[in-house]
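1. I would like the atomic coordinates for the input below:
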Amino acid sequence: MLLLVGLGNPNPNNSDNRHNVGFFVIDAINEKFKLSKQKPKLKGLLTTGKINEQKVFAIKPLTFMNNSGEGTKEEEKRKR
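-> Numbering: from 1, shown residues only. Model (predicted):
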C-alpha cells in the first residue's frame, strides 16, 4: 500500500504558484493512473486506486502547509 501526499496551500489565490507543486503532482498521478474521483476526507481531497497492482491512496491536504500532517495523523489514530 502506498500513501502519496501532495503538499500545497488551499487558498485559491495561491493555486498557480510553486507552493502548490504537490497538488499538481497528485492531479497528474490521478489522471495518468485513472484513480477515483477526489472525495473530501481526512482534512483533504482523497483518491484511491491501483498503480501496478499496488493499492494507492493519494491525498491533497486542505490545511495550510504548516498543518499538512493533520490528515495523516487522523488516519493513524483511526487505525489503532
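
2. quick check: longest helix of the chain.
-> Ranked by residue count, the top helix of the chain under DSSP state H comes out as helix 21-33.

3. average pLDDT across it?
-> Mean pLDDT, helix 21-33: 95.

4. list the helices and strands the helix or strand following it packs on?
-> Next in sequence after helix 21-33, counting helices and strands by DSSP states H and E, comes strand 39-41. Secondary-structure packing of strand 39-41 (3 or more C-beta pairs under 8 Å, 6 or more residues apart in numbering; DSSP states H and E): strand 44-51. Every C-beta, even on glycine, is put in place using the N, C-alpha and C of the backbone.

5. how does it look with 10 Å?
-> strand 44-51, helix 70-79 (3 or more C-beta pairs under 10 Å, 6 or more residues apart in numbering; DSSP states H and E).

6. Quick one: distance of stretch 38-48 to the chain centre.
-> Its chain's C-alpha centre and that of stretch 38-48 lie 7 Å apart, by C-alpha atoms, centre = their mean, to the nearest Å.

7. And that stretch, what's buried?
-> Neighbour-count burial for stretch 38-48 flags 38, 42, 43, 44, 45, 46, 47 (criterion: 16 or more other C-beta atoms under 10 Å).

8. What average pLDDT does it get?
-> The average pLDDT for stretch 38-48 rounds to 92.

9. now do stretch 70-77
-> 62.
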